[in-house]
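> Predicted coordinates and the sequence they were generated for:
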Amino acid sequence: MFLLLFLVIGLQAQNIVKGVVSDGDSEKPLQNVLVSVNSTTVSQTTGIDGVFVLKNLSNGTYVVEIKLKGYETQNFPVELSGKAVDLGTILLYEDISEEQDLSIVTITDDELNDDASAADNISGLLQASRDIYLRTAAYEFSSSFFRIRGLDSENGKLLINGLDMNKLYSGRPQWSNWGGLNDVLRNQEFSTGLTASAYTFGGILGSTNIDVRASKQRAGTRISYASSNRSYAHRAMVTHSSGLSEKGWAYTVAASRRSGNEGYVDGTMYNATSMFLSLEKKFNDRHSLNFTSITAFNRRGKSAPQTQEVFDLKGIKYNSYWGYQDGKIRNSRIKEVSEPILMLNHYWDLDENTSINTNVSYQFGKTGNSRIDNNGTRVDGTALDGNGNPYIVNLGASNPDPTYYQKLPSYGLRQGYSNIYGIHQNFVNNGQLDWNSLYNANLNPYNQGNSSYVLYEDRNDDTQFTVNSILNKEVSENITLNARVQYTRLKSKNFAEVIDLLGGTGYLDADSFADSFDEKQNDLLNPLNVVGVGEKFKYNFNLYSNVVDGFVQSQFKYNKVDFFVAASVSTTSHQRDGLFQNGGFANNSLGKSEKLSFTNYGAKAGATYKLSGRHLFDFNAGYLTKAPNLRNSFSNSRENNSTVDNLTSEKVLSADASYIFRSPIVQAKLSGYYTKVQDATEISFFFADGIGGDNTAFVQEILSGIDKKHFGAEFGIEAQVTPTIKLKGAANVGQYTYDNNPNLYLTTENNTRSNDAGFVNGRKDFGEANLKNYKLAAGPQTAYSVGFEYRDPDYWFVGATANFFDNVYVDIAPLTRTSNFADDGGVPFNDYDVDVARELLQQEKFDNYMVVNMIGGKSWKIGNQYISVFASVGNLFNTKYKSGGFEQGRNANYRQLKEDKELDTPVFGNKYWFGRGTNYFLNLNYRF
């Protein structure tokens, strides 16, 4: 019996399936190929040599599946009976249907504009995911500014060659830095949620590492042209990769051009040029050095959020930021980004089981956002004040925005004007920015050459240095160790710079609304400064940030259970250095602020239990703390050194659990998730009416100690019902709310107007803002998608999806939920009605809506050449819907808000962003 037992064990030990996977064209080994045995838990990923060895298989008949993105999947039936099976060299051939994957070439360009005022979007983080639900969220839900689990993109980490790309200022990636370079960004490794990553501890939304090593790029040349009516009209891209030569050299070069006079929204010009170089030298089997240069210049016109009144009068494509000048469209709000990235990466394989990847990057350049300033002033030389200083006179320039509330019919009705029809017709027939009137105002002799209006740019000129080292160690066949240490240093120059004097000869850098002569000076070191084009004014300061972080992780993989544990630690410091001495904050604006320092940590763990090859259960949980980003550390960084009161690190607790079903026909995943965020901070800037009665002020609103709660369920399913027809569906049902009543205070300049409003030294504390259980403005909290895809064996395909969205809420104004709402100059309003107040403060919920999208295309292979054409039509039935919006904070008290909402058309109604109507994208691709 013992002899028979040992014989059976010996026969099973010999049940091995092995082979080498290579590219069908170049015959070079392929790395990261997933080799799995269907209906079992046995799988392996090939290494750099393309080799796989599958063990722990009992006798029987199996199907071995060999799969790599971009290649046709292959299946091999094998019969095991106690002997090793060698499949030899397996050649994978490129799947030309991959050329039809429209999402890869549209998302980064089109959906990921990241204005601070616009809804955030994380679909770029999800492109590499094979998860059915996450891919649907990226490709179908993104146009509605859907957020995975209600979280924005600062909760996900984006890396290029192992280096973090999230900005220290906002925590979000700046997608424009590599826009238009889609072909070289295809090698992506995505870790969803809290799951393990070999490169970073990550965030609660996971991480994506984009590998742009020259030797990893697919050899050959790719040329493509695209036409669209979304963000740009035309796009041309060319990419060439050499592959790895016998002497160990490889290079990839790429360039793209995107342009258009306007996109779907009127006046939104687009002008972008991108270039890429990756050069690698493989010295031997252990050492390789790669240099990468990414340069992307992007200049585009912004679009404005609008009230319902403006939308009803002008339609979905209307944009108030532009007007005609000399017969040409000119947009006053231009965003310009040019921040080249230089990288050097060293790859060192110490042995077969240990590698160290050391990376250095340097990024520099500028981000500019233009706008019109109408605060023009001049010196009145005929009179002096009591201190012998000249008076500064405001030139009386009105707000040039054609949607300024005093120019709309609703304001005329409120004021009882008699020419309402004339106001209505003027806005309907004109309603654009009048550039000529700005030039005429600046040429008024009364100005004495000083401009009433000036076009200027808010600039952020950053230089960032990052260095890290990443260790990967296979301790044994079942255990892998990952670790990383990283240092990041940022210097951010922030200033306003004149772009165009609009016909004037200079612009006096002064604030005419301040009280005294000194307080009117934006820089006391240079009073009465008249600036010209290219000169700094208004504000000028530097921000410094230093971050040291590290993480360590162990992964354990066994037949029935995979699990991991990970921990991270970091130190962060922020500091402001004022270069102007602002007259309103003479003692707190020049020089360095106090240094803010934070120590943070995180821990997470996860496990996958494989009940069988078809049924898996996945669990992940983590707790981490996050240092406040630069944006939320200083209450008014443009004017002074003040930091946010009682600033502390954000705490995040998150967990999820999933059931995964896998069969040859159906793939499905059901997940439940929960996230609790504590001690978050948010800063807003706006002009408020009704502070402490009928007082007005331009304020900074600091909301601190914010708690948020996110929970819900996700579901994705895909069924290959025939060899050519696939059905797919996805759903999210979530609830994202404020979970406490955070503290709110306002800051502004210390002057007579703010003192009348009850401010003390420019500060007023309102205590708690009653936000608990209000919904977060996080896009649709409910979303469903159903669709089909037909892929013909002759390499043409067509697909369609219907997407339903609900529970979309406007972003509430916290100030109206404070004690100020009932405050009539220190006493409650005598007409205050609790029931009316509750109705006034009810959060607006948008109408639900459905969007239908279609895609289709055709591919040809001619020898070693590939030609493909594919197209998509978004919002096929031209559904009109609101994708986001916010309450205006101007009506800050009960009486003003009540009077406004009693009007048929409110003067200060909510402002909205609207989704695109019917739109298209067409692409022609040639590869050889």
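Ah, there it is.
> Could you list which residues are in contact with residue 622?
When contacts are counted by CB atoms under 8 Å, 6 or more residues apart in numbering, residue 622 touches 194, 204, 602, 603, 604, 605, 652, 653, 654, 655. Placement of C-beta: from N, CA and C, glycine included.
> so how far is residue 548 from the residue lying closest to the third one once chain neighbours are set aside?
Among residues not flanking residue 602 along the chain, residue 624 sits closest, at 3.1 Å (CB to CB, 6 or more residues apart in numbering). Per CB to CB, to the nearest Å, residue 624 is found 16 Å from residue 548.
> who's more crowded, those two?
For residue 624 versus residue 548, the count of surrounding residues by other CB atoms under 10 Å is larger for residue 624: 23 against 14.
> what sits against the more buried one?
Shown in contact with residue 624 (CB under 8 Å, 6+ apart): 201, 204, 568, 600, 601, 602, 603, 604, 651, 652.
> swap in residue 68?
21, 30, 32, 33, 34, 92.
> how far away is it from residue 163?
Per CB to CB, residue 68 is found 25 Å from residue 163.
> just to revisit the earlier point, could you pick out which of the contacts of residue 624 are located in strands?
If you go by DSSP state E, these have 568, 600, 601, 602, 603, 604, 651, 652 in strands.
> sorry, back to before: so how far is residue 155 from the residue nearest to residue 602?
As for residue 624, its distance to residue 155 is 10 Å (criterion: CB to CB).
> likewise residue 332?
Relative to residue 155, and taking CB to CB, residue 332 is found at 33 Å.
> These two: which is more packed in?
More crowded of residue 332 and residue 155, by other CB under 10 Å: residue 155, with 26 against 22.
> Now do that one, the pLDDT please.
pLDDT recorded at residue 155 is 93.
> do residue 396 as well
The per-residue pLDDT reported for residue 396 equals 87.
> Check the one 4 residues further on too.
Each residue has a pLDDT score; the one for residue 400 is 96.
> Also residue 4?
pLDDT, residue 4: 45.
> Over to residue 102?
39.
> what's the neighbour count on residue 725?
Counted by other CB under 10 Å, the residues lying close to residue 725 total 12.
> And residue 246, by the same measure?
Burial of residue 246 is recorded as 5 neighbouring residues (other CB under 10 Å).
> ok, then the element right after the lowest-mean-pLDDT helix or strand in the chain?
The helix or strand of the chain with the poorest confidence is helix 102-110; it has a mean of 39 (mean pLDDT, DSSP states H and E). Sequence-wise, the next helix or strand downstream of helix 102-110 (DSSP states H and E) is helix 132-139.
> now for that next one, which elements pack on it?
helix 102-110, strand 666-691, strand 695-720, strand 725-738 (3 or more CB pairs under 8 Å, 6 or more residues apart in numbering; DSSP states H and E).
> that older thread, now do the shared contacts for residue 624 and residue 155.
Common neighbours of residue 624 and residue 155, using CB under 8 Å, 6+ apart, are residue 204.
> How far does the host helix or strand of residue 617 sit from its chain's centre?
For residue 617, the host element (DSSP H and E) is strand 615-626. The chain centroid and the centroid of strand 615-626 are separated by 23 Å under CA atoms, centre = their mean, to the nearest Å.
> C-alpha coordinates for it, CSV please?
This file holds the C-alpha atoms of strand 615-626, laid out as CSV (Å, rounded to 0.1, in the frame of the first residue of the first chain):
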residue,chain,number,x,y,z
HIS,A,615,-16.0,30.4,-8.1
LEU,A,616,-13.8,32.9,-6.3
PHE,A,617,-14.2,35.2,-3.3
ASP,A,618,-12.2,38.3,-2.8
PHE,A,619,-11.8,40.5,0.3
ASN,A,620,-9.8,43.7,0.8
ALA,A,621,-9.6,46.2,3.7
GLY,A,622,-7.3,49.1,4.5
TYR,A,623,-6.8,52.1,6.8
LEU,A,624,-4.6,55.0,5.8
THR,A,625,-4.0,58.7,6.6
LYS,A,626,-3.3,61.3,4.0
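> who's residue 348 bridged to?
Note on residue 348: beta-bridge partners residue 287, residue 356, judged by DSSP bridges.
> Surely it is in contact with residue 285?
No. Taking contacts as CB atoms under 8 Å, residue 348 lies outside contact range of residue 285: 10.8 Å.
> more neighbours, those two?
Set residue 348 next to residue 285 and count neighbours by other CB under 10 Å: residue 348 wins out with 14 against 9.
> residues in contact with the more buried one?
Residue 348 sits next to 286, 287, 355, 356, 357, 358 when contact means CB under 8 Å, 6+ apart.
> Ok, residue 880 next?
Residue 880 neighbours (CB under 8 Å, 6+ apart): 316, 914, 915, 917.
> element containing it?
Per DSSP H and E, residue 880 falls between elements, in no helix or strand.
> Would you mind measuring from it to residue 912?
Taken as CB to CB, the span from residue 880 to residue 912 is 11 Å.
> Mutual contacts of these two, please.
Joint contacts of residue 880 and residue 912 (CB under 8 Å, 6+ apart) do not exist.
> Give me the below-cutoff pLDDT ranges for the protein.
For the chain, applying pLDDT under 70 flags the ranges 1-14, 96-130, 693.
> Which among the contacts of residue 348 count as buried?
Using 16 or more other CB atoms under 10 Å as the burial test, those include 355, 357 as buried.
> Could you dump the contacts of residue 348 into CSV with distance to residue 832 added?
Shown next, in CSV, are the contacts of residue 348 (distance: CB to CB, whole Å):
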residue, distance to residue 832
286, 76
287, 75
355, 68
356, 67
357, 64
358, 65
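> ok, of the contacts of residue 348, which one's closest to residue 473?
Set against residue 473, the nearest of these by CB to CB is residue 355 (7.9 Å).
> Next up, the contacts around that closest one.
By CB under 8 Å, 6+ apart, residue 355 lies in contact with 347, 348, 349, 471, 472, 473.
> what does residue 376 give?
Taking CB under 8 Å, 6+ apart, one finds 394-395, 397, 442, 447, 450-454, 504, 507-508 in contact with residue 376.
> Just the ones in helices from those residues, please.
residue 442 (DSSP state H).
> Check the gap between residue 845 and residue 739 for me.
From residue 845 across to residue 739, the span is 19 Å (CB to CB).
> of these two, who's got more company?
residue 739 (18 against 13).
> residues contacting that one?
Residues near residue 739 by CB under 8 Å, 6+ apart: 676, 707, 708, 709, 772.
> what does residue 20 give?
By CB under 8 Å, 6+ apart, the contact set of residue 20 is 29, 49, 50, 51, 52, 88, 89, 90.
> rerun at 6 Å
Residue 20 is in contact with 50, 51, 89, counting by CB atoms under 6 Å, 6 or more residues apart in numbering.
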